[in-house]
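Peer 1: Structure, please.
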Amino acid sequence: MRKIRRVALSLVLAVLLTLGLVGPALAGNPTVAITVTAEVVSITNTESVWGIGTVAVDAVVYFSATGSQDDDYSQIENTGTVAIDVEIQGTDIEGGDYDWTLADAAGSEIYSLYANNATTPTVYDKEVKDASYVDILTDLAADGTSDWSMKFTAPTAFNAADDGEEKSATITLVASKHT
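Peer 2: Reported below is the predicted structural model:
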């Protein structure tokens, strides 16, 4: 019987010691505050229309308020939460009886389009393509802005039968997280 009392007493003592050690740790109910910000990739651009107007063969027109090649006319703003890269893509110009193809150099019924950014305001070295996107800007900080512009070169010849109707194309800017 003594043996049973000792074992029972030992078990009771062990339970009391365990409760004594665990009890204070549970009493505080510690918490961890979590804060998080989503990665958001988003841009705005100040200009949404470029009305070039009537052009002659081989005309060169700049996307600017003054028509000057060093007047960065539009501004991209990173409205997201991470640094971004921005790419540009164009399309053929459609309308009237004859469309104009976008290419690296103007030709008969072919126009060219080049872009720049604030780093090189007078150098239009980013060829705008219709089959792929081309980097126009890299590593633009969150809340950052960058000026940019374009240079349009009209075809070297228009089809004599062209009706002279207004033509249009679309330029698309796409942002992605800078890596």
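
Peer 1: Please report phi then psi for the nearest residue to residue 97 once chain neighbours are set aside.
Peer 2: Counting by Cβ to Cβ, 6 or more residues apart in numbering, residue 97 lies nearest to residue 163, which is 4.8 Å off, once chain neighbours are set aside. All C-beta spots, glycine's among them, are computed from the backbone N, C-alpha and C. Phi and psi for residue 163, reported as degrees, to the nearest 10, are phi -80, psi 0.

Peer 1: can you map out the helices along the chain?
Peer 2: Under the criterion DSSP state H, the chain carries helices at the ranges 2-27.

Peer 1: okay, and for it, where does confidence drop off?
Peer 2: 1-27, 67-68, 70-72 (pLDDT under 70).

Peer 1: What's the separation between residue 103 and residue 131?
Peer 2: Applying Cβ to Cβ, to the nearest Å, the value for residue 103 to residue 131 is 10 Å.

Peer 1: Tell me which of those two has more neighbours.
Peer 2: residue 103 (16 against 7; other Cβ atoms under 10 Å).

Peer 1: Next up, phi/psi of the more buried one, please.
Peer 2: Here is the backbone geometry of residue 103 (degrees, to the nearest 10): phi -150, psi 180.

Peer 1: nearest spatial neighbour of it, skipping sequence neighbours?
Peer 2: Closest residue to residue 103 apart from its sequence neighbours, by Cβ to Cβ, 6+ apart: residue 110 at 4.8 Å.

Peer 1: can you count the residues close to the one you found?
Peer 2: Residue 110: 19 surrounding residues under other Cβ under 10 Å.

Peer 1: now swap in residue 94 and tell me
Peer 2: Residue 94 has 12 neighbours, counted by other Cβ under 10 Å.

Peer 1: Find the nearest non-adjacent residue to residue 115, please.
Peer 2: Residue 115 sits nearest to residue 126 (Cβ to Cβ, 6+ apart), 4.3 Å away.

Peer 1: for residue 137, same thing?
Peer 2: Spatial nearest neighbour of residue 137, excluding adjacent residues (Cβ to Cβ, 6+ apart): residue 86 at 4.1 Å.

Peer 1: and what of residue 62?
Peer 2: Using Cβ to Cβ, 6+ apart, the closest residue to residue 62 is residue 69 (5.1 Å).
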